[in-house]
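J.: Quick one, fold the following:
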Amino acid sequence: MSTPLNQNEGTRVPNQPVLEVEDSNSKNEFSTSFHNLEPSMGQAVLKEVLKLKEWPHFSGEGAYDHIEFISGIDMIKEDFELPDRLVTARSNTLFTKSAHIWYIKLRQAHGHQSWTWWKTQIIKKWANDGWRFKFEIALESSKFNSDKDKSLPWFCQQKYRLTVLYPDMSEFIIHRKILR
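T.: Next comes the predicted model:
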């Protein structure tokens, strides 16, 4: 996994959460060529994608909300080979609560933008130093208590926190840090 860019300087910063943002060279027209299928089959796939109710939503309120949202959209985009424009056209319904207000203001100010641009804006807004600080505090303050915690969920949560904070850390080191 790569090290994310420092958004102020354009340089790599070690030990920052990574959310890959790649330019998808998106087309402005809707494409219906899914896995080289016949056009009618591509249209059927497109219809199903438009009805898909399992798209992730983004409220901006959960600790991992932005990470799960970006990952979820990227997977749907990849699995269905969706053009950028189709993903961004759904954005108005995918953002909820305070994130929806933020989305509307940015959309009005900047107009239609690519999914890559939106990912960058989400990361700038929600994966900031304050978020990282809260995340580190939660990681450090969470101590396993056999009377109130179940071991597997607690361990998995700590592992996820470490993976998000230090994406380049090996699994061995992650396990060692948790078990200390």
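
J.: Distance from the host helix or strand of residue 132 to the middle of the chain?
T.: If you go by DSSP states H and E, residue 132 is part of helix 129-141. With C-alpha atoms, centre = their mean, to the nearest Å as the basis, helix 129-141 stands 18 Å off its chain's centre.

J.: buried ones in it?
T.: With burial defined by 16 or more other C-beta atoms under 10 Å, the residues of helix 129-141 counted as buried are 135, 139. Just so you know, the C-beta spots here come from the backbone N, C-alpha and C atoms, and that holds for glycine as well.

J.: Packing partners of that helix?
T.: helix 151-165 (3 or more C-beta pairs under 8 Å, 6 or more residues apart in numbering; DSSP states H and E).

J.: helix or strand right after the helix it packs on?
T.: According to DSSP H and E, the helix or strand after helix 151-165 is helix 171-179.

J.: Just the mean pLDDT for that next one, thanks.
T.: If you average the pLDDT over helix 171-179, you get 92.

J.: distance between that helix and the chain's centre?
T.: 24 Å.

J.: mind showing which ranges of the protein have poor pLDDT?
T.: By pLDDT under 70, the low-scoring segments of the chain are 1-39, 41-42, 45, 50-52.

J.: Domain map for it?
T.: 39-126, 129-179 (automatic domain parsing).

J.: Go through the ones you listed and pick out the most buried.
T.: domain 39-126 (a mean of 16; mean count of other C-beta atoms under 10 Å).

J.: where's that one relative to the chain centroid, distance-wise?
T.: Relative to its parent chain, domain 39-126 has a centroid offset of 10 Å by C-alpha atoms, centre = their mean.
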